[in-house]
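Chemist: Okay, sequence plus prediction incoming.
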Amino acid sequence: MNVVDIGTGAIRAGTSVLYASLGELIAERAGVVNLGTEGSMLGGALGAFAVTVWFGNPWLGALAGGLLGAVLALIHAFLVISRKANALASGLTVMFFAIGLTSFLGRGFVNKQINGFEAISIPYLSQIPFIGPLLFQHDSLTYISILMVPMIWFLLFKTRIGVILRATGEREEVVYTYGFSPKLIRYCAVMTGGFLAGIGGAQLSTAYTHTWVENMTQGKGVVAVALVIFAAWRPTKALLGAYLFGGAQSLQLVIQQQGYDISPFLLFMTPYVITLLALYMVARNQRSQMPEGLSKVFTGAGGG
């Protein structure tokens, strides 16, 4: 097995999950969990693919995918923040709604061909042995996702906006004291999370696979929500978690290509099993780091 191929595959396969994890991390820092992230990814995947088919521009497609992801997240935000619905039930409802909607609307795009995002080799850097192919031969959305990790970390922990966002997820009365609306902040956070999840879906359809198939996210949005716990609500750890999942998926594909006599169903399970094991090992130590607003959701004390 080629380690470079597995590593490169880990980054490519993990990028869509990374976008969704970063988006969910922002929403959860504001105190709202969104299981509808899967739906935003699906909406983004179909929206990006459809717009790319129509206009031949994957950048326009990615923007459309992000906006569709944000719209689906807005539905969840309205139900949870304004109508005080249970966040877990609302997220699942949005997810299944998106699965059905994209399956219906996406029928005409199956087997369509697009000119999507292609890998770009960074001059000189891509020629470095081992490191070059691993880090510097990816599509544009992958490069952007990597850059977003330090950007979001800086936003959350080094800016006034980040302090207000985190305070909304911890002690919303403090936010009121400083003259801000926790409700508005949560709306913005959830929609930003949906936008990034939509971009993750766009990367999946216009950069990673260049195709559209029904339910193509296959639970990646749900994995992204789980990885936020794995990451202890920190962007750098979210990157590691996303690439762990992507690496397991890449390894699965390599094993299949090598022709090993292993059940394909068992191989399909591998990335999700590895993610569950990683969560099991770290989740017990992460409870104390959970934003207080989320603890109300998981204990049933509030909707969001």
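Modeler: Received, thanks.
Chemist: going forward, measure contacts and count neighbours with C-alpha atoms only.
Modeler: Will do.
Chemist: low-scoring stretches of the stretch 151-300 of the chain, by residue?
Modeler: Regions of the stretch 151-300 of the chain meeting the criterion pLDDT under 70 cover residues 279, 281-288, 298-300.
Chemist: show me where it has helices.
Modeler: Assigned by DSSP state H, counting those that start in this stretch, the stretch 151-300 of the chain shows helices spanning 160-170, 172-177, 182-203, 220-230, 235-258, 264-283, 292-299.
Chemist: Check which helices and strands the third one sits against.
Modeler: Applying 3 or more Cα pairs under 8 Å, 6 or more residues apart in numbering; DSSP states H and E, one finds that helix 182-203 contacts helix 3-29, helix 37-55, helix 58-77, helix 160-170, helix 172-177.
Chemist: For residue 140, which of those is the nearest?
Modeler: helix 58-77 (9.6 Å; Cα to Cα).
Chemist: next SSE after that closest one?
Modeler: Next helix or strand after helix 58-77 toward the C-terminus (DSSP states H and E): helix 87-105.
Chemist: Go through that next one and flag the buried ones.
Modeler: 87-95, 98-99, 102-103 (16 or more other Cα atoms under 10 Å).
Chemist: Report the rounded mean pLDDT for it.
Modeler: Mean pLDDT, computed over helix 87-105, is 96.
Chemist: just to revisit the earlier point, just send the helices and strands packed on helix 182-203 back as JSON lines, with mean neighbour count too.
Modeler: Formatted as JSON lines, the helices and strands packed on helix 182-203 follow (neighbours: other Cα atoms under 10 Å):
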{"stretch": "helix 3-29", "mean neighbour count": "27"}
{"stretch": "helix 37-55", "mean neighbour count": "30"}
{"stretch": "helix 58-77", "mean neighbour count": "26"}
{"stretch": "helix 160-170", "mean neighbour count": "20"}
{"stretch": "helix 172-177", "mean neighbour count": "15"}
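Chemist: how about these in JSON lines, adding distance to residue 266?
Modeler: Below are the helices and strands packed on helix 182-203 laid out as JSON lines (distance: least, Cα to Cα, whole Å):
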{"stretch": "helix 3-29", "distance to residue 266": "19"}
{"stretch": "helix 37-55", "distance to residue 266": "23"}
{"stretch": "helix 58-77", "distance to residue 266": "31"}
{"stretch": "helix 160-170", "distance to residue 266": "39"}
{"stretch": "helix 172-177", "distance to residue 266": "45"}
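Chemist: Pick out the shakiest of the ones you listed, pLDDT-wise.
Modeler: Note on those: helix 172-177 shows the lowest mean pLDDT, a mean of 89.
Chemist: so how far is that one from its chain's centroid?
Modeler: Distance of helix 172-177 from the chain centroid (Cα atoms, centre = their mean, to the nearest Å) equals 29 Å.
Chemist: C-alpha coordinates for stretch 81-93, PDB please?
Modeler: Below are the C-alpha coordinates for stretch 81-93, written out as PDB (Å, rounded to 0.1, in the frame of the first residue of the first chain):
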ATOM      1  CA  ILE A  81     -34.500  29.400  18.300                       C
ATOM      2  CA  SER A  82     -37.800  31.100  17.600                       C
ATOM      3  CA  ARG A  83     -40.300  28.300  18.100                       C
ATOM      4  CA  LYS A  84     -38.300  26.500  20.900                       C
ATOM      5  CA  ALA A  85     -38.500  23.100  19.300                       C
ATOM      6  CA  ASN A  86     -36.300  20.300  20.500                       C
ATOM      7  CA  ALA A  87     -32.900  20.700  18.600                       C
ATOM      8  CA  LEU A  88     -32.400  17.000  18.100                       C
ATOM      9  CA  ALA A  89     -35.800  16.400  16.700                       C
ATOM     10  CA  SER A  90     -35.700  19.500  14.500                       C
ATOM     11  CA  GLY A  91     -32.300  18.500  13.100                       C
ATOM     12  CA  LEU A  92     -33.400  15.000  12.200                       C
ATOM     13  CA  THR A  93     -36.500  16.400  10.600                       C
END
